[in-house]
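Trainee: below is the structure, and that's it, no one-letter string:
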């Protein structure tokens, strides 16, 4: 009897694990800084279509688009005055990131979340994220910002 229960439990665990899926897919962001190539590992929420852009002005942008309208991005900007998301400094006071840089976060008029971490020439952010997915996108941008650059 114990043997049957053990076997049954093992079968249940194996079968159920086949249907589990991680919330994130592993990806990477590659950029060029002064002739040197850099790569940052990313953890990206599933369900996206990806677009990469590199231009001669030194901007590398990797954007992940989601069916619900959410957008996740990683960028390297040679000109740090260029803004991917602009923030009204009268309304948004940035937080200091623990590894240096600034963190902007808020909600738009549709109550969708946006966030951007600015660390030197690098940007990690998202916009148009519903509240139920905020922690997933926060985790993704946190992961990227905590990597060694």
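Mentor: Yep, it's here. Computed from a prediction, not measured in an experiment: that's the story for all the values here. Residues are numbered from 1 along each chain as shown.
Trainee: please enumerate the helices of this structure.
Mentor: Per DSSP state H, the chain has helices spanning 2-17, 134-145. These are given in chain order.
Trainee: go through these and find the least confident stretch.
Mentor: If you rank the helices of the chain by mean pLDDT, helix 2-17 sits at the bottom with a mean of 44.
Trainee: residue 80 and residue 122 touch, don't they?
Mentor: No. Assessed by Cβ atoms under 8 Å, residue 80 is found out of contact with residue 122, at 9.6 Å. Bear in mind the C-beta positions are built from the backbone N, C-alpha and C, glycine included.
Trainee: and those two? Which one has more around it.
Mentor: Between residue 80 and residue 122, counted using other Cβ atoms under 10 Å, residue 122 has the larger neighbour count: 23 against 11.
Trainee: now do the contacts for the more buried one.
Mentor: Residue 122 makes contact with 31, 40, 74, 75, 76, 77, 145, 149, according to Cβ atoms under 8 Å, 6 or more residues apart in numbering.
Trainee: need the contact list for residue 30.
Mentor: Contact partners of residue 30, counting by Cβ under 8 Å, 6+ apart, are 37, 38, 39, 60.
Trainee: tell me the confidence at the residue nearest to the third one when sequence neighbours are not counted?
Mentor: Closest residue to residue 39 in three dimensions, ignoring its sequence neighbours and counting by Cβ to Cβ, 6 or more residues apart in numbering: residue 30, at 4.8 Å. Residue 30 carries a pLDDT value of 93.
Trainee: ok, now the one 5 residues further on?
Mentor: Taken from the predicted model, the pLDDT recorded for residue 35 is 82.
Trainee: residue 121 versus that one, what's the distance?
Mentor: To residue 121, residue 35 is 14 Å away according to Cβ to Cβ, to the nearest Å.
Trainee: of those two, which one has the most company?
Mentor: In this view residue 35 and residue 121 are compared by other Cβ under 10 Å, and residue 121 has more residues nearby, 20 against 5.
Trainee: for stretch 125-139, buried residues please.
Mentor: 125, 126, 127, 128, 129, 133, 134, 136, 137 (16 or more other Cβ atoms under 10 Å).
Trainee: and the contacts of it?
Mentor: Taking Cβ under 8 Å, 6+ apart as the criterion, the residues outside stretch 125-139 that touch it are 23-24, 43, 45, 68-73, 84-85, 108, 110-117, 140-141.
Trainee: much appreciated, bye for now.
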